[in-house]
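Peer 1: Need a 3D model of the sequence below.
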Amino acid sequence: MPKISHELSPLEVSRIRTEGAHAVGGVPGLYLQVLGGSRSWVLRFVVGGRRRRMGLGSFQAVTLAQAKEKARAAHLEIDQGQDPIQGRQQMVRRADAARANALTFRKACELMIASREAEWRSSKHRQQWENTLATYADPILGSMDVATIQTSHVMKVLDPVWRTKTETAVRVRGRIEQVLDWAKVKGHRTGENPARWRGHLDHLLPRPSKISKVQHHPAVPVEDAPAVVARIADAPGMGAMALLFQVLTATRSGEVRGARWDEIDLEERLWTIPAERMKAAREHRVPLSRQAVALLEAQPSIDGCDLVFPGMKVTRMLSDMSLTAVMRRMQLGAVPHGFRSTFRDWASEKTSHPGEVVEMALAHAIEDKTEAAYRRGDLLAKRVALMQDWADYCRPMLDGGEINREETGRSLKNVCNG
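Peer 2: Next comes the predicted model:
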């Protein structure tokens, strides 16, 4: 072990300017090295029979006390037969490896979304993921290494919006959870997911069902449906025709706007919507009433465009606001999707059609997994009668196939007087 030199004071050390290595005392082997006008701390020691020399930092950055502290820590390793220089090199390598393996939450979102894109039905789904994560999660988690994200960080994202924007916050939580699960599988983090709900965040946040208010789509009252449908039928434009078809088929706006002629069999009076265009990702067959068939037969087919209801640019779909705009111009106080509620209310209040037939007509997913596993048919025969009854109610026709103007007129008069 090097001998312990006379211990110099900080002032004495600061006055050393002569080139060479100057022992400062206090810790064996600790020197202030002056070279070319620069000064730095050096520790000389022997380990495993080898003479070693380790830098401890510059004189300007490291005080005398700090240099002694570093030197003593190195001697502890030496006493255990370890080479502090090799230990430092190993730490650097581990730090480099950790940096190489580090992944920010922002980058993890980007990679995870790209990996999942193929299973999503539209670019709109990807956009929703990107927008919610960018708006709510990124300001807090974006630049963080996914390996360091803890429950407290997730709570900083969720707590401000959990009670005021509950539905959105629930989606954000689920998406953060999926991003962190993806990062774990990829080897970028370990341990439990801090965004998981069951047995974790459910102890910190109130259940969404207890604080969120269910907001239903504004719908046309059942009694007003015939008059409102008559007004839609008389309205000009492709949006109005698409909206009328949506009402008659009780489908969703996106399904109607994306309808193609090759999906429709007028002879069989059947519209088959492929799985990739359905919310539940299952093919849906829609029986077409006489009124729906009449509408389609009157709808012009445009060369080079397979869309039944093309937009202004005939090769493109109507925008998702086109149908809403029709109802806004009419000042109906309702939205297109609300007609599905009107249809359901009509079926339950004014008909004896079974509820399961109505749910199948609405293409709702079966929540009971056991029932879903055993159900093979789609109740098409029963839905034929259901959809014709619905069309006859909201868009009555005479026996010859003409629209019953008298019946429609009475409905309109009732609404106006009401």
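
Peer 1: Using the record's domain definitions, break the protein down for me.
Peer 2: Using automatic domain parsing, the domain parsing of the chain gives 10-101, 105-211, 222-417.

Peer 1: lowest-confidence stretch among those domains?
Peer 2: Ranked by mean pLDDT, the domains of the chain end with domain 222-417 at the bottom, a mean of 84.

Peer 1: starting at the chain centroid, how far to that domain?
Peer 2: 30 Å (C-alpha atoms, centre = their mean, to the nearest Å).

Peer 1: same question, stretch 10-26
Peer 2: On C-alpha atoms, centre = their mean, the centre of stretch 10-26 falls 62 Å from the chain's centre.

Peer 1: got a list of contacts for that stretch?
Peer 2: Stretch 10-26 is contacted from outside by 4-8, 30-36, 39, 42, 44, 63-65, 67-68, using C-beta atoms under 8 Å, 6 or more residues apart in numbering. All C-beta spots, glycine's among them, are computed from the backbone N, C-alpha and C.

Peer 1: What is the end-to-end distance of that stretch?
Peer 2: 12 Å (C-alpha to C-alpha, to the nearest Å).

Peer 1: List the buried residues in it.
Peer 2: 13, 16, 22-26 (16 or more other C-beta atoms under 10 Å).

Peer 1: Could you check how far the residue nearest the centre of the chain is from Pro194?
Peer 2: The structure's the chain has its C-alpha centroid closest to Trp129; by C-alpha atoms, centre = their mean the separation is 2.8 Å. With distances taken as C-beta to C-beta, to the nearest Å, Trp129 is found 19 Å from Pro194.

Peer 1: Now do the strands in the stretch 251-400 of the chain.
Peer 2: For the stretch 251-400 of the chain, the strands defined by DSSP state E, counting those that start in this stretch cover 264-265, 270-273, 284-287.

Peer 1: Show me what the shortest one packs onto, helices and strands only.
Peer 2: Based on contacts counted as 3 or more C-beta pairs under 8 Å, 6 or more residues apart in numbering; DSSP states H and E, the elements that strand 264-265 packs against are strand 270-273.

Peer 1: Quick check, Glu177 in contact with His200.
Peer 2: No. With contact defined as C-beta atoms under 8 Å, Glu177 does not count as touching His200 (9.8 Å).

Peer 1: Need the strands of the stretch 251-400 of the chain in a markdown table (columns: mean neighbour count and distance to Lys186).
Peer 2: Formatted as a markdown table, the strands of the stretch 251-400 of the chain follow (neighbours: other C-beta atoms under 10 Å; distance: least, C-beta to C-beta, whole Å):
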| stretch | mean neighbour count | distance to Lys186 |
| --- | --- | --- |
| strand 264-265 | 16 | 45 |
| strand 270-273 | 19 | 36 |
| strand 284-287 | 20 | 36 |
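
Peer 1: and of these, who's closest to Pro208?
Peer 2: strand 284-287 (28.9 Å; C-beta to C-beta).

Peer 1: After the longest helix seen in the chain, which helix or strand is next?
Peer 2: Using DSSP state H to define each element, the chain has its longest helix at helix 166-185. Next in sequence after helix 166-185, counting helices and strands by DSSP states H and E, comes helix 208-211.

Peer 1: from the middle of its chain, how far away would that following helix be?
Peer 2: 20 Å.

Peer 1: Would you mark the buried spots in it?
Peer 2: Buried, per 16+ other C-beta under 10 Å, within helix 208-211: nothing.

Peer 1: just the CA coordinates of it, formatted as PDB?
Peer 2: Output of helix 208-211 as PDB, limited to C-alpha atoms (Å, rounded to 0.1, in the frame of the first residue of the first chain):
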ATOM      1  CA  PRO A 208     -66.400   4.600 -14.100                       C
ATOM      2  CA  SER A 209     -69.900   3.300 -13.800                       C
ATOM      3  CA  LYS A 210     -70.300   5.200 -10.600                       C
ATOM      4  CA  ILE A 211     -69.200   8.600 -11.900                       C
END
